[in-house]
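**Q** Next come a sequence and a model predicted from it.
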Amino acid sequence: MLELENRSISYLPGVGLKRAEVLASEANIRSFWDLLTYYPYKYIDRSRFYKICEINDALPYIQLKGKITSFELVGEGRARRLIAHFSDGTGSINLVWFKALHLIVHYYKVDIPYIIFGKPTRFGSIYEILHPDIDHESNEEQVSGGLVPFYNTSEKMKKSQLSSRSLQDLVFILLKNIGGVIPESLPEYLLQQLHLLPLDEALRNIHFPESTEKLKQASLRLKFDELFFIQLHLLQKSVNRKRRLKGIVFSTVGDYFNTFYREHLPFQLTNAQKRVVKEIRADLGSGHQMNRLLQGDVGSGKTLVALLSMLLALDNHCQACMMAPTEILAGQHYHTILRFLNGMDIRVALLTGSTKKREREKLLPAIASGEIQILIGTHALIEETVSFASLGLAIIDEQHRFGVEQRAKLWTKSPVIPHVLVMTATPIPRTLAMTLYGDLDISVIDELPPGRKPIKTIHRFDNHKAELFSFLRQQIQAGRQVYVVYPLIEGSEKSDYKNLEEGFENFKKIFPEFTVCMVHGRMKSVEKETEMQKFVKGEAQILMATTVIEVGVDVPNASVMVIESAERFGLSQLHQLRGRVGRGAEQSYCILVSDYNLNDDTRKRLDIMTSSNNGFVIAEEDLKMRGHGELEGTRQSGEGLDLKIADLASDGQILQYARDLANNIIIRDPLLESDQNRLLKEKLKAQYGNRINWELVS
Ligand code: ADP
Ligand code: MG
């Protein structure tokens with residue numbers, strides 16, 4: 001395997017330096033191994049030949065046998081094209097080219113038997129195939145062996161003669177040239193136990209399947225490999241971390257926790273909150289460093305769990321900090337926590353990018369001396385100048401906005417590595433969590449605080465505004481407040497801000513009797529804060545915003561969320577926004593306003609929103625619709641999820657199996673030292689060997 005992984009693709013006959021460069025930059029193919037694992041994205045059955053008289057509009061790619069009867073050059077300029085009239089005795093069709101016309105005329109001859117492959121489309125009374133694949137009938141054996149692979153290619157690749165078809169040829173040459181068997185990655189005992197195809201057979205069949213059955217088995221084997229080694233890596237990392245990092249032992253539950261719990265808790269914890277606090281307490285007392293992911297739906301009460309955990313740190317003479325992705329959110333946490341702790345003697349401070357210099361100069365020494373017990377803030381927390389006397393617990397809210405590297409900086413701020421609790425903004429699908437955060441322990445709050453009325457979600461087209469306005473008026477007259485959110489999409493910020501500003505002017509005109517305020521990312525933070533406070537204090541009835549309010553704002557009296565151009569938001573974003581309402585005792589509403597013309601995907605997204613309130617369900621649907629590549633947009637640095645064949649939306653069972661198996665192996669042989677696991681260790685080393693060591697504490 002090492003051989004294949006180290007062998008540059010430029011050595012493959014037919015590649016050369018120029019195309020090697022294109023393969024590397026466009027498809028990340030640098031070695032023989034990279035090409036072998038550049039899997040086809042689909043296969044087309046070429047075992048069957050059609051007759052021209054059988055062609056109809058419903059056929060996808062088809063294969064024909066026949067002869068070119070004549071060529072014809074037609075059209076001018078960009079419309080100039082070459083037509084070959086092609087006949088098989090049952091009828092005739094046109095083969096059409098817009099490019100490389102001269103080469104084609106030169107290369108293909110009239111009256112010679114060819115095999116044509118392509119997708120027929122009807123053009124008037126005759127069918128055409130645009131840029132067909134053509135083979136000499138004598139080549140039949142090589143190309144028409146049943147399922148033909150199709151590879152992703154970019155425009156740039158096609159320009160360098162790296163079409164799907166050429167990639168197919170390259171893989172064919174490579175497999176022929178390997179000489180001997182592709183080395184196995186799984187030890188014999190696992191192959192036997194799992195009844196999987198050998199790697200060699202799987203790789204050959206994934207490109208050139210002997211049959212559909214073999215293709216299935218090959219795909220299973222390769223998916224399993226991919227997921228299994230990720231899990232093995234993550235679990236080993238987690239076990240090693242626990243063995244190596246001692247973690248401060250929080251042995252006591254002391255006055256801070258107990259006093260707060262008995263005297264200051266404004267409500268009963270939900271059972272889910274209680275369970276999670278218990279899990280965290282057990283971790284903190286275990287003598288190992290905690291690395292835990294806390295998942296919970298919007299509004300499930302993660303903040304309170306965070307606070308209780310921080311009090312445990314304080315009880316054990318440590319400091320705690322909480323890092324949030326935006327100033328608004330950090331400020332909100334700060335105020336929430338001050339409110340919770342009102343009447344208790346605890347020093348809490350807020351540090352963000354806009355903390356004034358004088359204030360900062362007072363804060364930094366107080367953090368360094370340990371006087372400040374709880375520090376809340378943004379990225380500002382990881383700046384050089386911040387250091388703690390003894391940071392026992394670091395909480396990271398809305399995790400996906402921070403990179404691994406940024407988080408790792410937090411760990412260098414104190415003499416001992418702190419325990420880490422990571423909280424997600426909205427649930428992420430189980431399979432994705434297992435793969436992205438598989439080295440963390442996971443806690444789930446799967447219950448909302450009692451007494452919440454499920455939010456009613458309604459979809460309206462934007463040509464029905466009058467009805468919407470009268471509904472809003474009625475709600476505000478009943479004492480409620482309303483959010484109106486506009487999308488802010490990268491690349492169209494200018495028109496998006498314009499939409500918001502126009503909307504703002506419009507709302508002021510329509511609701512002269514109410515106060516309308518506005519926040520967006522371009523405002524100065526002081527200004528933003530003032531506008532925000534108007535809404536929080538209830539002085540303004542309508543808050544209009546871009547997605548800046550997406551994260552974390554908590555105004556229980558706000559009961560209506562209007563989302564403008566809802567078709568432009570992703571599912572999890574819509575759900576996150578919806579979570580801003582439904583926090584009080586009143587019936588809440590989320591109104592999705594969209595254009596009348598919707599494509600199927602968008603319609604489906606809006607339907608899912610109106611039919612489910614459950615963030616876990618929505619996350620699964622989102623994964624199914626978009627695939628993990630899009631969803632993941634999360635971990636900006638550190639290890640991205642680069643899955644070549646497994647699909648987290650549909651391969652959940654394989655993943656679970658792979659994880660259980662990896663777990664069994666790691667429990668028995670944490671360092672993979674036994675002889676029978678030698679192969680596994682080597683493979684992990686080849687795949688992950690040169691990672692930086694901050695991984696240890698991610
Ligand atoms: P999220 O999980 O989205 O961060 P929050 O922590 O902001 O949720 O909590 C949402 C709201 O629910 C807050 O107003 C909070 O005070 C309230 N809350 C949290 N826990 C409970 C509980 N056990 N009972 C009643 N209300 C609760
Ligand atoms: Mg929150």
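**A** Thanks, I have it. Ligands and ions are numbered 1, 2, ... in the order given.
**Q** So which residues make contact with the host helix or strand of residue 4?
**A** Using DSSP states H and E, residue 4 sits in helix 2-6. Applying CB atoms under 8 Å, 6 or more residues apart in numbering, the contact partners of helix 2-6 are 31, 32, 33, 36, 178, 182, 183, 686. Every residue, glycine included, has its C-beta placed from N, CA and C.
**Q** Also stretch 445-461?
**A** Here stretch 445-461 makes contact (CB under 8 Å, 6+ apart) with 267, 270-273, 276, 294-297, 299-302, 305, 467-468, 566, 578, 581-583, 585-596, 606-607, 609-610, 613, 616.
**Q** roughly how far is it from the heart of the chain?
**A** Distance, stretch centre to chain centre, for stretch 445-461: 24 Å (CA atoms, centre = their mean, to the nearest Å).
**Q** tally of neighbours for the closest residue to ligand 1 within the stretch 401-550 of the chain?
**A** Minimum separation of the stretch 401-550 of the chain from ligand 1 (CB to the nearest ligand atom) falls at residue 449, amounting to 3.3 Å. As a burial measure, residue 449 scores 17 neighbours (other CB atoms under 10 Å).
**Q** again, but for the one 10 residues further on
**A** Taking other CB under 10 Å as the criterion, the count of residues near residue 459 is 18.
**Q** Could you check which helix or strand contains it?
**A** Residue 459 belongs to strand 456-461 when assigned by DSSP H and E.
**Q** Can you check what angle separates the helix or strand just after that strand from strand 456-461?
**A** Once the chain leaves strand 456-461, the next helix or strand it forms, by DSSP H and E, is helix 465-477. Per axes from the mean of the first three to the mean of the last three CA atoms, to 10 degrees, the angle that helix 465-477 makes with strand 456-461 is 150 degrees.
**Q** The protein against ligand 1: which residues are in contact?
**A** Counting by CB under 6 Å from any ligand atom, the chain comes close to ligand 1 at 267-270, 273, 296, 298-304, 449, 554, 556, 583.
**Q** Now for the closest residue to residue 626 other than its chain neighbours: which residues touch it?
**A** Nearest residue to residue 626, sequence neighbours excluded (CB to CB, 6 or more residues apart in numbering): residue 570, at 7.4 Å. Contacts for residue 570 (CB under 8 Å, 6+ apart) come out as 605, 622, 626.
**Q** Distance check, residue 570 against ligand 1.
**A** Distance, residue 570 to ligand 1, using CB to the nearest ligand atom, to the nearest Å: 18 Å.
**Q** before we move on, back to that, so after the helix holding residue 4, what's the next helix or strand?
**A** Per DSSP H and E, the first helix or strand lying C-terminal to helix 2-6 is helix 16-27.
**Q** then that next one to PDB, C-alphas only?
**A** What follows is helix 16-27, C-alpha atoms only, in PDB (Å, rounded to 0.1, in the frame of the first residue of the first chain):
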ATOM      1  CA  GLY A  16       2.800  13.100 -17.700                       C
ATOM      2  CA  LEU A  17       3.600  16.300 -15.800                       C
ATOM      3  CA  LYS A  18       1.000  18.600 -17.200                       C
ATOM      4  CA  ARG A  19      -2.000  16.300 -16.500                       C
ATOM      5  CA  ALA A  20      -0.500  15.300 -13.200                       C
ATOM      6  CA  GLU A  21      -0.700  18.900 -12.200                       C
ATOM      7  CA  VAL A  22      -4.300  19.200 -13.200                       C
ATOM      8  CA  LEU A  23      -5.200  15.900 -11.500                       C
ATOM      9  CA  ALA A  24      -3.600  17.200  -8.300                       C
ATOM     10  CA  SER A  25      -5.200  20.700  -8.300                       C
ATOM     11  CA  GLU A  26      -8.600  19.700  -9.500                       C
ATOM     12  CA  ALA A  27      -9.200  16.300  -8.000                       C
END
